[in-house]
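Chemist: 3D model of this:
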Amino acid sequence: MTGPDAWPSLWAAAAEPLGVSPVVHPDDLLWTFVLGHPAFPEPADAAEYYFADGAESARKLARIVADHVRAEPPSRPRLLEFASGYGMVSRHLPRAIPEVEVLSCDIHPAAVRFIRDELGGAAVLSEHEPTRMAMPTIEQSGTIGLSR
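Modeler: From the prediction side, this is the model:
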């Protein structure tokens, strides 16, 4: 088994064909889950799945957006990505739905900082109780929550 020192090169190999950032936060729970899953005996398999599955989720969302989300020009549709975590899907959204303004949110300050600083996305801190979340004063065209 390849150790953690080799993971960045595995992430880079999996991310490069998809045109997304290869950086994965050390506290990313989805990466940890995939890495420990018996379906992926090698870290390279886990890295490939992590990035490919994020891309597939973004493609599915793109189909939903195309079918159901509208905004009146010159406005762009706006979506709130709820419970974004450390960006397994977020990193793919600019390529999958470039016409949509996405705001990611999560309850973990480190995840919000990671999406902003490493992935270049817009992100805000959420709350454990979503009704207590202070939303920016913009109208959303939709809210997404992807779950595993």
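
Chemist: Rounded mean pLDDT for the longest helix anywhere in the chain, please.
Modeler: The single longest helix within the chain, with elements called by DSSP state H, is helix 43-68. What helix 43-68 shows for mean pLDDT is 95.

Chemist: Stretch 31-39 too?
Modeler: The average pLDDT within stretch 31-39 is 97.

Chemist: contact partners of it?
Modeler: Defining contact as C-beta atoms under 8 Å, 6 or more residues apart in numbering, one finds that stretch 31-39 is touched by 24-25, 40, 43, 45-46, 49-50, 53, 86, 88, 148. Any C-beta I mention is one placed from the backbone N, CA and C, and that applies to glycine too.

Chemist: Can you name the residues that contact residue 121?
Modeler: Contacts of residue 121 by C-beta under 8 Å, 6+ apart are 87, 90-91, 93-94, 102, 104, 115.

Chemist: Spatially nearest residue to it (excluding sequence neighbours)?
Modeler: Nearest non-adjacent residue to residue 121, counting by C-beta to C-beta, 6 or more residues apart in numbering: residue 115, 4.5 Å away.
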